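Student: here is my input, please return the structure:
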Amino acid sequence: MLQAAREASGKTQAQVAKEIGITENAYQKYEYGKREPRARMAVRVARAVNSTVEELFGAVTPDNTEEPDGNPVN
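Tutor: Numbers count the residues shown, from 1 in each chain. From the prediction side, this is the model:
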């Protein structure tokens, strides 16, 4: 979902990374699902690609007790 949102915003990975203040390699880890951003960084990413944290990374609800990687929500 993150890649699609970034592409829809017309930005490259390098542009988003620079805008949110991290390296392109660090941003790629978010996009490829190798790492989940912390809350503040997730907000920065969402703003950079004109989206929401919920759309990009999912929302935790009473019916959704697992993270996107399948691990339980703490």
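Student: the helices in the chain, which residues?
Tutor: Secondary structure of the chain by DSSP state H: the helices cover 2-9, 13-20, 24-31, 39-48, 53-57.
Student: please enumerate residues in contact with the third one?
Tutor: The one in question is helix 24-31. For helix 24-31, contacts defined as Cβ atoms under 8 Å, 6 or more residues apart in numbering pick out 2-3, 6, 13-14, 16-18, 20, 34-37, 45. No exception for glycine: its C-beta is placed from N, CA and C like everyone else's.
Student: now restrict those to buried residues only.
Tutor: 2, 6, 13, 16-17, 20, 37, 45 (16 or more other Cβ atoms under 10 Å).
Student: reformat those as a markdown table; add distance to Ala26.
Tutor: As requested, the buried ones among the contacts of helix 24-31 are arranged in a markdown table below (distance: Cβ to Cβ, whole Å):
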| residue | distance to Ala26 |
| --- | --- |
| Leu2 | 13 |
| Arg6 | 14 |
| Gln13 | 10 |
| Val16 | 11 |
| Ala17 | 7 |
| Ile20 | 9 |
| Pro37 | 9 |
| Val45 | 11 |
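Student: may I see the residues you listed organised as CSV, with pLDDT and distance to Leu56 added?
Tutor: Output for the buried ones among the contacts of helix 24-31, formatted as CSV (pLDDT from 0 to 100; distance: Cβ to Cβ, whole Å):
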residue, pLDDT, distance to Leu56
Leu2, 95, 5
Arg6, 97, 9
Gln13, 98, 14
Val16, 98, 12
Ala17, 98, 15
Ile20, 97, 13
Pro37, 94, 9
Val45, 97, 7
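Student: what about the protein, any weak spots by pLDDT?
Tutor: In the predicted model of the chain, residues 59-74 satisfy pLDDT under 70.
Student: ok, back up a step: between the buried ones among the contacts of helix 24-31, which sits nearest Gly58?
Tutor: Leu2 (11.1 Å; Cβ to Cβ).
Student: the closest one against Val53, yeah?
Tutor: No - assessed by Cβ atoms under 8 Å, Leu2 is found out of contact with Val53, at 10.8 Å.
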